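J.: Sequence and predicted model, in that order:
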Amino acid sequence: MKRFFCFGSSSLLVAAVACSNPPPTPTDNGVGGSSGQSNGGSAGAAARAGSGGGTATGGGGAGGTFAGAGTTGSGAAAGSTASGGTGGSGASGAPAGGSAGTLPGGSGGAGGALGGSAGTGTAGGPASGGAGAGASGAAGSAGTGAAGASSFNCGSLPLCDDFETGSTPNTNVWTTIPNGASGATIDSIGAHGSGHSLKVVSSDRLYLRNSTVIGTLGSVAYVHFYVRFATTLASGHGAMVVTHPTAVDQYSQSNELRFGSQDSVFHWNTDSDAANVPDVSPDGDAASFKPAANTWYCINLTIDTKGPLDVSIDGADQPGLTVDGTPTMNIDQAWLGSSASLMRYTALADFNVGWDSYGAGALTLWYDDVALSSTPIACP
(Lines give C-alpha, C1' and ligand atoms only; values in the text may rest on other atoms or scores of the structure.)
Protein backbone atom coordinates (compact mmCIF):
# COMPACT_ATOMS: atom_id res chain seq x y z
CA MET A 1 0.00 0.00 0.00
CA LYS A 2 1.41 3.38 -0.96
CA ARG A 3 1.62 5.74 1.95
CA PHE A 4 1.81 9.55 1.62
CA PHE A 5 3.53 11.24 4.41
CA CYS A 6 2.23 14.66 3.98
CA PHE A 7 3.55 17.97 4.58
CA GLY A 8 6.53 17.78 6.04
CA SER A 9 5.08 19.98 6.15
CA SER A 10 -11.22 61.47 -9.09
CA SER A 11 -12.15 66.23 -11.44
CA LEU A 12 -13.82 67.54 -14.07
CA LEU A 13 -12.53 70.89 -14.88
CA VAL A 14 -15.93 71.84 -15.40
CA ALA A 15 -16.48 73.29 -13.09
CA ALA A 16 -16.06 74.72 -16.62
CA VAL A 17 -19.15 76.57 -16.27
CA ALA A 18 -21.63 77.23 -18.91
CA CYS A 19 -23.03 80.72 -19.11
CA SER A 20 -25.84 80.57 -21.57
CA ASN A 21 -27.40 84.07 -21.20
CA PRO A 22 -25.87 87.61 -21.72
CA PRO A 23 -25.88 89.96 -18.74
CA PRO A 24 -29.26 91.60 -18.13
CA THR A 25 -29.87 95.39 -18.15
CA PRO A 26 -28.61 97.02 -14.95
CA THR A 27 -31.20 98.23 -12.51
CA ASP A 28 -30.51 98.97 -8.89
CA ASN A 29 -28.18 97.38 -6.49
CA GLY A 30 -29.86 94.55 -4.65
CA VAL A 31 -29.09 91.36 -2.98
CA GLY A 32 -27.48 88.64 -5.10
CA GLY A 33 -28.99 85.27 -5.82
CA SER A 34 -29.73 83.04 -2.88
CA SER A 35 -27.56 80.14 -1.99
CA GLY A 36 -28.60 76.72 -3.18
CA GLN A 37 -28.67 73.94 -0.71
CA SER A 38 -25.61 71.86 -0.33
CA ASN A 39 -25.09 68.62 1.38
CA GLY A 40 -21.34 68.99 1.17
CA GLY A 41 -19.10 72.07 0.71
CA SER A 42 -19.76 75.72 1.61
CA ALA A 43 -20.81 78.34 -0.94
CA GLY A 44 -18.85 81.51 -1.91
CA ALA A 45 -19.89 84.93 -0.54
CA ALA A 46 -22.97 86.41 -2.22
CA ALA A 47 -22.53 89.57 -4.38
CA ARG A 48 -24.83 92.56 -4.45
CA ALA A 49 -26.48 92.66 -7.82
CA GLY A 50 -29.50 94.10 -9.59
CA SER A 51 -32.55 91.98 -9.63
CA GLY A 52 -31.92 91.42 -13.27
CA GLY A 53 -28.20 91.25 -12.72
CA GLY A 54 -26.91 94.82 -12.23
CA THR A 55 -23.38 95.96 -12.09
CA ALA A 56 -22.07 95.45 -8.65
CA THR A 57 -18.87 94.46 -7.13
CA GLY A 58 -18.40 91.80 -4.59
CA GLY A 59 -17.92 88.15 -4.22
CA GLY A 60 -19.35 85.63 -6.63
CA GLY A 61 -22.90 84.45 -6.31
CA ALA A 62 -23.56 81.61 -4.00
CA GLY A 63 -23.18 78.12 -5.30
CA GLY A 64 -26.24 76.14 -6.22
CA THR A 65 -27.42 72.77 -5.19
CA PHE A 66 -24.71 70.18 -4.89
CA ALA A 67 -25.03 66.45 -5.03
CA GLY A 68 -21.72 65.89 -3.34
CA ALA A 69 -19.32 67.80 -1.16
CA GLY A 70 -17.28 70.76 -2.50
CA THR A 71 -16.60 74.47 -2.00
CA THR A 72 -17.37 77.12 -4.57
CA GLY A 73 -14.48 79.29 -5.75
CA SER A 74 -14.38 83.03 -5.02
CA GLY A 75 -15.65 85.21 -7.82
CA ALA A 76 -15.29 88.80 -9.08
CA ALA A 77 -18.07 91.14 -10.35
CA ALA A 78 -21.70 90.09 -10.42
CA GLY A 79 -23.42 89.17 -13.64
CA SER A 80 -25.63 86.56 -15.16
CA THR A 81 -26.38 83.01 -14.19
CA ALA A 82 -23.65 80.44 -14.37
CA SER A 83 -24.13 76.76 -14.10
CA GLY A 84 -21.88 74.65 -11.97
CA GLY A 85 -19.57 72.03 -13.25
CA THR A 86 -19.94 68.34 -13.01
CA GLY A 87 -18.41 66.60 -10.06
CA GLY A 88 -15.96 63.85 -10.68
CA SER A 89 -16.46 60.29 -9.67
CA GLY A 90 -13.99 58.50 -7.50
CA ALA A 91 -13.38 56.02 -4.83
CA SER A 92 -15.30 56.41 -1.62
CA GLY A 93 -13.80 59.04 0.62
CA ALA A 94 -11.39 60.37 -2.04
CA PRO A 95 -11.87 64.04 -2.84
CA ALA A 96 -12.01 65.26 -6.40
CA GLY A 97 -11.61 69.00 -6.98
CA GLY A 98 -12.70 70.87 -10.08
CA SER A 99 -11.26 74.20 -11.26
CA ALA A 100 -13.60 76.95 -12.42
CA GLY A 101 -13.27 78.55 -15.88
CA THR A 102 -13.90 82.17 -16.93
CA LEU A 103 -16.67 82.68 -19.42
CA PRO A 104 -18.52 85.83 -20.56
CA GLY A 105 -21.50 86.15 -18.33
CA GLY A 106 -20.43 84.33 -15.22
CA SER A 107 -18.25 82.29 -13.08
CA GLY A 108 -17.33 78.70 -13.86
CA GLY A 109 -18.85 76.69 -11.01
CA ALA A 110 -17.75 74.90 -7.97
CA GLY A 111 -15.48 71.91 -7.78
CA GLY A 112 -17.13 68.55 -7.85
CA ALA A 113 -17.05 66.18 -4.96
CA LEU A 114 -17.52 62.46 -4.88
CA GLY A 115 -19.94 61.35 -7.58
CA GLY A 116 -22.89 63.54 -8.54
CA SER A 117 -23.12 66.88 -10.40
CA ALA A 118 -22.64 70.36 -9.03
CA GLY A 119 -25.80 72.50 -9.00
CA THR A 120 -26.60 75.76 -10.78
CA GLY A 121 -25.76 79.00 -8.96
CA THR A 122 -27.13 82.50 -9.57
CA ALA A 123 -24.20 84.88 -9.91
CA GLY A 124 -23.28 88.36 -11.23
CA GLY A 125 -21.42 89.54 -14.31
CA PRO A 126 -18.25 88.12 -15.79
CA ALA A 127 -16.14 86.66 -13.09
CA SER A 128 -13.38 84.22 -12.63
CA GLY A 129 -14.08 81.52 -10.14
CA GLY A 130 -11.37 79.82 -8.22
CA ALA A 131 -11.00 76.12 -7.98
CA GLY A 132 -13.51 74.44 -5.74
CA ALA A 133 -11.95 72.41 -3.03
CA GLY A 134 -13.06 68.81 -3.10
CA ALA A 135 -13.92 67.18 0.16
CA SER A 136 -14.52 63.71 1.24
CA GLY A 137 -18.06 62.90 2.14
CA ALA A 138 -21.20 61.24 0.94
CA ALA A 139 -21.22 60.35 -2.70
CA GLY A 140 -23.50 62.23 -5.03
CA SER A 141 -26.29 60.62 -6.95
CA ALA A 142 -24.27 60.17 -10.10
CA GLY A 143 -21.36 58.13 -8.85
CA THR A 144 -20.27 55.34 -6.62
CA GLY A 145 -16.90 54.34 -5.23
CA ALA A 146 -15.55 51.25 -3.57
CA ALA A 147 -14.49 51.50 0.03
CA GLY A 148 -10.76 51.19 0.55
CA ALA A 149 -9.44 48.19 2.45
CA SER A 150 -8.06 48.78 5.89
CA SER A 151 -4.31 48.56 6.23
CA PHE A 152 -2.66 45.56 7.82
CA ASN A 153 -1.85 46.44 11.44
CA CYS A 154 1.03 44.15 12.24
CA GLY A 155 1.79 45.75 15.59
CA SER A 156 -1.60 44.85 17.08
CA LEU A 157 -1.14 41.08 16.79
CA PRO A 158 0.39 38.64 19.27
CA LEU A 159 2.95 37.63 16.70
CA CYS A 160 3.56 39.41 13.42
CA ASP A 161 6.64 39.91 11.29
CA ASP A 162 6.54 42.02 8.13
CA PHE A 163 10.30 41.67 7.67
CA GLU A 164 10.67 45.41 7.05
CA THR A 165 13.57 45.89 9.49
CA GLY A 166 16.93 44.22 9.54
CA SER A 167 18.87 42.25 6.98
CA THR A 168 18.34 38.86 8.62
CA PRO A 169 15.40 37.23 10.42
CA ASN A 170 14.74 38.68 13.87
CA THR A 171 16.34 36.33 16.37
CA ASN A 172 14.14 37.75 19.14
CA VAL A 173 11.18 36.23 17.31
CA TRP A 174 12.56 33.29 15.38
CA THR A 175 14.88 30.35 15.82
CA THR A 176 16.31 28.79 12.68
CA ILE A 177 15.57 25.08 12.38
CA PRO A 178 17.91 23.30 12.14
CA ASN A 179 20.11 25.64 14.17
CA GLY A 180 22.67 27.40 12.02
CA ALA A 181 21.05 26.45 8.73
CA SER A 182 21.42 28.99 5.94
CA GLY A 183 18.92 29.91 3.26
CA ALA A 184 16.54 32.22 5.18
CA THR A 185 17.23 35.87 4.28
CA ILE A 186 15.44 39.21 4.05
CA ASP A 187 14.77 40.09 0.41
CA SER A 188 13.86 43.39 -1.24
CA ILE A 189 10.56 42.13 -2.59
CA GLY A 190 7.35 42.35 -0.64
CA ALA A 191 3.69 41.53 -0.81
CA HIS A 192 0.97 44.14 -1.45
CA GLY A 193 3.50 46.96 -2.01
CA SER A 194 5.75 46.39 0.99
CA GLY A 195 9.50 46.63 0.64
CA HIS A 196 10.77 43.36 2.08
CA SER A 197 9.92 39.75 2.76
CA LEU A 198 11.46 36.55 4.04
CA LYS A 199 13.11 34.53 1.30
CA VAL A 200 13.57 30.82 1.92
CA VAL A 201 15.77 28.68 -0.31
CA SER A 202 15.70 25.06 0.78
CA SER A 203 16.36 21.68 -0.77
CA ASP A 204 15.64 19.81 2.43
CA ARG A 205 14.38 21.20 5.74
CA LEU A 206 14.51 24.86 6.77
CA TYR A 207 12.09 26.61 9.11
CA LEU A 208 11.83 29.68 11.27
CA ARG A 209 10.30 28.59 14.57
CA ASN A 210 8.48 30.56 17.26
CA SER A 211 7.64 28.65 20.44
CA THR A 212 6.29 31.45 22.65
CA VAL A 213 3.02 32.60 21.08
CA ILE A 214 0.86 29.90 19.54
CA GLY A 215 0.37 28.05 22.83
CA THR A 216 -1.07 31.21 24.45
CA LEU A 217 -3.85 31.71 21.91
CA GLY A 218 -6.37 29.24 23.29
CA SER A 219 -7.95 26.31 21.54
CA VAL A 220 -8.06 27.98 18.12
CA ALA A 221 -5.08 29.56 16.36
CA TYR A 222 -5.43 31.80 13.34
CA VAL A 223 -2.40 31.81 11.06
CA HIS A 224 -1.88 34.51 8.44
CA PHE A 225 0.83 34.89 5.84
CA TYR A 226 1.56 35.86 2.26
CA VAL A 227 3.48 33.38 0.15
CA ARG A 228 5.00 33.45 -3.32
CA PHE A 229 6.67 30.59 -5.16
CA ALA A 230 9.53 30.90 -7.65
CA THR A 231 8.13 27.95 -9.58
CA THR A 232 4.97 25.91 -9.61
CA LEU A 233 4.85 23.28 -6.90
CA ALA A 234 6.31 19.87 -7.62
CA SER A 235 4.30 16.67 -7.49
CA GLY A 236 6.21 15.42 -4.47
CA HIS A 237 5.28 16.14 -0.88
CA GLY A 238 6.49 19.29 0.87
CA ALA A 239 5.55 21.28 3.99
CA MET A 240 5.39 25.03 4.56
CA VAL A 241 3.74 25.42 7.97
CA VAL A 242 4.24 22.92 10.77
CA THR A 243 3.07 22.67 14.38
CA HIS A 244 3.72 20.17 17.18
CA PRO A 245 1.46 19.38 20.14
CA THR A 246 4.42 19.29 22.54
CA ALA A 247 7.82 20.89 22.53
CA VAL A 248 10.38 19.12 20.34
CA ASP A 249 14.06 19.57 19.61
CA GLN A 250 15.44 20.93 16.37
CA TYR A 251 15.70 17.53 14.77
CA SER A 252 12.33 15.96 15.52
CA GLN A 253 9.83 15.55 12.72
CA SER A 254 7.38 13.49 14.74
CA ASN A 255 3.85 14.44 15.80
CA GLU A 256 3.59 17.09 13.12
CA LEU A 257 0.55 18.80 11.64
CA ARG A 258 1.64 20.08 8.27
CA PHE A 259 0.21 22.48 5.71
CA GLY A 260 2.00 22.17 2.41
CA SER A 261 1.70 20.53 -0.96
CA GLN A 262 1.45 17.29 -2.84
CA ASP A 263 0.59 16.64 -6.47
CA SER A 264 1.34 20.35 -7.05
CA VAL A 265 -1.64 21.51 -4.96
CA PHE A 266 -2.09 22.45 -1.32
CA HIS A 267 -2.76 19.75 1.26
CA TRP A 268 -2.98 19.19 5.00
CA ASN A 269 -1.33 16.10 6.37
CA THR A 270 0.71 14.75 9.25
CA ASP A 271 3.69 12.53 9.80
CA SER A 272 1.44 9.72 11.03
CA ASP A 273 -0.28 8.04 8.12
CA ALA A 274 -1.68 8.41 4.64
CA ALA A 275 -4.61 10.63 5.66
CA ASN A 276 -4.62 13.94 3.76
CA VAL A 277 -6.99 16.83 3.27
CA PRO A 278 -8.00 16.55 0.56
CA ASP A 279 -7.22 12.99 -0.45
CA VAL A 280 -4.17 12.46 -2.61
CA SER A 281 -6.18 11.36 -5.61
CA PRO A 282 -7.43 12.91 -8.84
CA ASP A 283 -10.75 13.83 -7.23
CA GLY A 284 -9.12 15.08 -4.06
CA ASP A 285 -6.47 17.11 -5.85
CA ALA A 286 -9.12 18.67 -8.07
CA ALA A 287 -10.83 20.00 -4.93
CA SER A 288 -7.69 21.78 -3.74
CA PHE A 289 -5.86 24.93 -4.91
CA LYS A 290 -2.91 25.03 -7.29
CA PRO A 291 -0.82 28.19 -6.92
CA ALA A 292 0.94 29.82 -9.87
CA ALA A 293 4.57 30.85 -9.88
CA ASN A 294 5.64 34.41 -9.03
CA THR A 295 2.27 35.35 -7.61
CA TRP A 296 1.59 36.53 -4.07
CA TYR A 297 -1.20 34.74 -2.22
CA CYS A 298 -2.72 35.81 1.08
CA ILE A 299 -3.36 32.66 3.08
CA ASN A 300 -5.28 32.29 6.34
CA LEU A 301 -5.29 29.00 8.22
CA THR A 302 -7.56 28.11 11.12
CA ILE A 303 -6.28 25.37 13.39
CA ASP A 304 -8.77 24.21 16.01
CA THR A 305 -7.34 21.79 18.54
CA LYS A 306 -10.76 20.11 18.71
CA GLY A 307 -10.36 18.98 15.10
CA PRO A 308 -11.63 21.54 12.56
CA LEU A 309 -9.24 22.98 10.01
CA ASP A 310 -9.91 25.73 7.47
CA VAL A 311 -8.04 27.51 4.69
CA SER A 312 -8.82 30.86 3.03
CA ILE A 313 -6.83 32.11 0.04
CA ASP A 314 -7.12 35.77 -0.97
CA GLY A 315 -10.28 35.96 1.13
CA ALA A 316 -11.96 32.94 -0.47
CA ASP A 317 -12.68 29.86 1.63
CA GLN A 318 -11.34 26.60 0.23
CA PRO A 319 -13.88 23.77 0.84
CA GLY A 320 -11.40 21.22 -0.44
CA LEU A 321 -9.01 22.09 2.39
CA THR A 322 -11.61 22.09 5.16
CA VAL A 323 -12.13 19.67 8.04
CA ASP A 324 -15.56 20.45 9.49
CA GLY A 325 -16.53 17.32 11.39
CA THR A 326 -18.81 15.98 8.69
CA PRO A 327 -17.02 13.39 6.58
CA THR A 328 -16.87 14.41 2.94
CA MET A 329 -15.67 11.93 0.35
CA ASN A 330 -12.34 12.85 -1.20
CA ILE A 331 -11.93 15.72 1.27
CA ASP A 332 -11.84 14.89 4.99
CA GLN A 333 -13.46 11.47 5.27
CA ALA A 334 -10.19 9.61 5.75
CA TRP A 335 -8.83 12.33 8.02
CA LEU A 336 -11.78 12.19 10.39
CA GLY A 337 -11.37 8.44 10.53
CA SER A 338 -7.74 8.75 11.55
CA SER A 339 -7.28 9.30 15.27
CA ALA A 340 -3.54 9.51 14.66
CA SER A 341 -4.00 12.55 12.43
CA LEU A 342 -6.37 14.28 14.84
CA MET A 343 -4.00 13.69 17.76
CA ARG A 344 -1.28 15.72 16.03
CA TYR A 345 -2.93 19.02 16.96
CA THR A 346 -4.83 18.52 20.19
CA ALA A 347 -2.42 21.17 21.50
CA LEU A 348 -0.07 23.65 19.82
CA ALA A 349 3.43 24.08 21.23
CA ASP A 350 5.27 25.76 18.37
CA PHE A 351 4.82 27.39 14.97
CA ASN A 352 7.19 26.80 12.07
CA VAL A 353 7.25 28.46 8.65
CA GLY A 354 9.58 27.64 5.77
CA TRP A 355 10.03 24.60 3.52
CA ASP A 356 10.64 20.95 4.14
CA SER A 357 10.90 18.57 1.20
CA TYR A 358 9.64 15.00 1.35
CA GLY A 359 10.35 14.26 -2.28
CA ALA A 360 9.24 17.63 -3.64
CA GLY A 361 12.82 18.80 -4.10
CA ALA A 362 14.34 22.23 -3.69
CA LEU A 363 12.10 25.26 -3.62
CA THR A 364 12.53 29.02 -3.40
CA LEU A 365 9.62 30.85 -1.82
CA TRP A 366 8.92 34.14 -0.08
CA TYR A 367 6.82 34.90 3.01
CA ASP A 368 5.47 38.25 4.18
CA ASP A 369 3.26 39.45 7.06
CA VAL A 370 3.54 36.20 8.97
CA ALA A 371 1.17 36.46 11.93
CA LEU A 372 -0.65 34.54 14.66
CA SER A 373 -3.77 35.56 16.54
CA SER A 374 -6.63 34.21 18.64
CA THR A 375 -9.07 35.99 16.29
CA PRO A 376 -9.35 35.86 12.49
CA ILE A 377 -6.96 38.04 10.51
CA ALA A 378 -8.35 39.47 7.28
CA CYS A 379 -6.26 39.91 4.18
CA PRO A 380 -5.63 43.66 3.57
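T.: Perfect, thanks for sending it.
J.: mind listing what's buried in stretch 165-176?
T.: The neighbour-count check on stretch 165-176 (16 or more other Cβ atoms under 10 Å) flags 169, 174-176 as buried. C-beta here means a position set from N, CA and C on the backbone, and glycine is covered the same way.
J.: whoops, I mixed them up, stretch 154-164
T.: Within stretch 154-164, the residues scored as buried using 16+ other Cβ under 10 Å are 154, 157-163.
J.: tell me how far the ends of it are from each other?
T.: End-to-end distance of stretch 154-164 (Cα to Cα, to the nearest Å): 11 Å.
J.: same question, stretch 365-380
T.: Termini of stretch 365-380 sit 21 Å apart (Cα to Cα).
J.: picking that back up, nearest to Thr364, of the buried residues of stretch 165-176?
T.: Nearest to Thr364 among these, counting by Cβ to Cβ, is Pro169 at 16.0 Å.
J.: which ones are touching Phe289?
T.: Phe289 sits next to 265-266, 311, 313, 318, 320-321 when contact means Cβ atoms under 8 Å, 6 or more residues apart in numbering.
J.: Counting neighbours, which of these comes out on top?
T.: Phe266 (26 neighbours; other Cβ atoms under 10 Å).
J.: For the host helix or strand of that residue, which strands pair with it and how are they oriented?
T.: For Phe266, the host element (DSSP states H and E) is strand 265-270. When pairing is defined by DSSP bridges, strand 265-270 lines up against strand 257-262 (antiparallel), strand 276-277 (antiparallel).
J.: What values do phi and psi take at the closest residue in space to Ser254 that isn't next to it in sequence?
T.: Of all residues not flanking Ser254 in the chain, Asp271 sits nearest, at 5.9 Å (Cβ to Cβ, 6 or more residues apart in numbering). Per-residue torsions, Asp271: phi -80, psi 0 (degrees, to the nearest 10).
J.: Report the separation between Asp271 and Arg344.
T.: To Arg344, Asp271 is 7 Å away according to Cβ to Cβ, to the nearest Å.
J.: Can you pull the residues that touch both of these two?
T.: Counting by Cβ under 8 Å, 6+ apart, the residues touching both Asp271 and Arg344 are 255-256.
J.: Neighbour count: these two, which is higher?
T.: More crowded of Asp271 and Arg344, by other Cβ under 10 Å: Asp271, with 23 against 20.
J.: okay, now the domains of this structure?
T.: When the chain is parsed with automatic domain parsing, its domains come out as 10-148, 154-373.
J.: between those domains, which has the poorest average model confidence?
T.: Mean pLDDT values for those show the minimum at domain 10-148, a mean of 37.
J.: hey, where'd the helices end up in the chain?
T.: Using DSSP state H, the helices found in the chain span residues 282-286, 333-336, 339-343.
J.: and the ones you listed as CSV, adding distance to Asn276 and mean neighbour count?
T.: Shown next, in CSV, are these (distance: least, Cβ to Cβ, whole Å; neighbours: other Cβ atoms under 10 Å):
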stretch, distance to Asn276, mean neighbour count
helix 282-286, 7, 16
helix 333-336, 7, 20
helix 339-343, 9, 16
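J.: Redo these as JSON lines? Include distance to Asp304.
T.: Below are those laid out as JSON lines (distance: least, Cβ to Cβ, whole Å):
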{"stretch": "helix 282-286", "distance to Asp304": "21"}
{"stretch": "helix 333-336", "distance to Asp304": "13"}
{"stretch": "helix 339-343", "distance to Asp304": "11"}
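J.: Quick check: bridge partners of the residue nearest to Asp332 when sequence neighbours are not counted?
T.: Leaving aside its chain neighbours, Asp332 sits nearest to Val323 (4.5 Å; criterion: Cβ to Cβ, 6+ apart). Note on Val323: beta-bridge partners Leu309, judged by DSSP bridges.
J.: show me the contacts for Val323.
T.: Neighbour list for Val323: 268, 277, 307-310, 332, 335-336 [criterion: Cβ under 8 Å, 6+ apart].
J.: let's see it at 6 Å
T.: Applying Cβ atoms under 6 Å, 6 or more residues apart in numbering, we find Val323 in contact with 277, 308-309, 332, 335.
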